[in-house]
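Novice: model this:
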Amino acid sequence: MTRIYIMVEGQTEEPFVRELLVPHYAPAHKYMTPIIVSTSPGHKGGVVSYGKVRPQLLRKCKEDGDAYVTTMFDLYALPGDFPGQGSPSFPGTARGVQKAQFLEQELARDVNLANFIPNLVVHEYEALLFADTSKFAEWTQPAVVTKLATIAGTHQTPEDINNSPLTAPSKRLRGAMSAYQKTFHGPLVACDIGLPAIRAACPHFDAWLGKLESLP
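Specialist: Residues are numbered from 1 along each chain as shown. Below you'll find the model as predicted:
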């Protein structure tokens, strides 16, 4: 039996883990528990400051040394104090996957605990929903689905939909579908798409799950 705690950014990722990952991996005796990061006493959600997140990561890693701790944080809009953000080696002009890999290495170096597995979603959670835009048909008009399909078709992978404040996945999604509600539609559409399709379309996300699958 392998226990894996997944520190998530908010109330969209938490049901994603609970409804897609937990039932998928339980038969393989990998038991996942989502934990929403705290931003202040009594408030949860959002990586607004690495200084607030780091103690939570360290505490969870140390309180259960036989379990693993990983993250599901958005690459988009990471705080300036996140490890590697201010590094002269940060690959600012590279693809999102390369940026995520660099920051994950820096995060692993900063936490420096053997049971910690860093992970960033490229560029944010909504990118995963572009793996199959046809699944929005139940929630919106055909013209909106067409717009979303066009956006997905202009990028090599959903993870290449970039992180500009105007063109990030969530911005593009809301621009096409004004009624989109992150915490409502996000988990439902992801469940409709299914884990295999998301993994096939999003290689960095797939690689993360591959690491979790390889844990003893």
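Novice: Would you mind writing the CA trace of the lengthiest helix in the chain as CSV?
Specialist: Counting residues, the longest helix in the chain under DSSP state H turns out to be helix 96-111. Taking Å, rounded to 0.1, in the frame of the first residue of the first chain, the C-alpha atoms of helix 96-111 are listed here in CSV:
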residue,chain,number,x,y,z
GLY,A,96,5.9,25.8,-20.6
VAL,A,97,6.9,22.3,-20.0
GLN,A,98,10.6,23.3,-19.8
LYS,A,99,9.7,26.1,-17.4
ALA,A,100,7.7,23.7,-15.2
GLN,A,101,10.5,21.2,-15.2
PHE,A,102,13.0,23.9,-14.1
LEU,A,103,10.8,25.2,-11.3
GLU,A,104,10.0,21.6,-10.1
GLN,A,105,13.7,20.9,-9.8
GLU,A,106,14.2,24.1,-7.8
LEU,A,107,11.2,23.3,-5.6
ALA,A,108,12.6,19.8,-5.0
ARG,A,109,15.9,21.3,-4.0
ASP,A,110,14.3,23.7,-1.6
VAL,A,111,12.1,21.2,0.1
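Novice: So which residues of the chain form strands?
Specialist: For the chain, the strands defined by DSSP state E occupy 2-8, 30-36, 38-40, 43-44, 68-74, 116-117, 120-121.
Novice: any idea which of those strands scores lowest on pLDDT?
Specialist: Ranked by mean pLDDT, the strands of the chain end with strand 43-44 at the bottom, a mean of 68.
Novice: In a markdown table, list the strands of the chain along with distance to residue 133 and mean neighbour count.
Specialist: Every residue, glycine included, has its C-beta placed from N, CA and C. Shown next, in a markdown table, are those (distance: least, Cβ to Cβ, whole Å; neighbours: other Cβ atoms under 10 Å):
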| stretch | distance to residue 133 | mean neighbour count |
| --- | --- | --- |
| strand 2-8 | 23 | 21 |
| strand 30-36 | 25 | 17 |
| strand 38-40 | 31 | 13 |
| strand 43-44 | 30 | 12 |
| strand 68-74 | 20 | 24 |
| strand 116-117 | 30 | 19 |
| strand 120-121 | 18 | 26 |
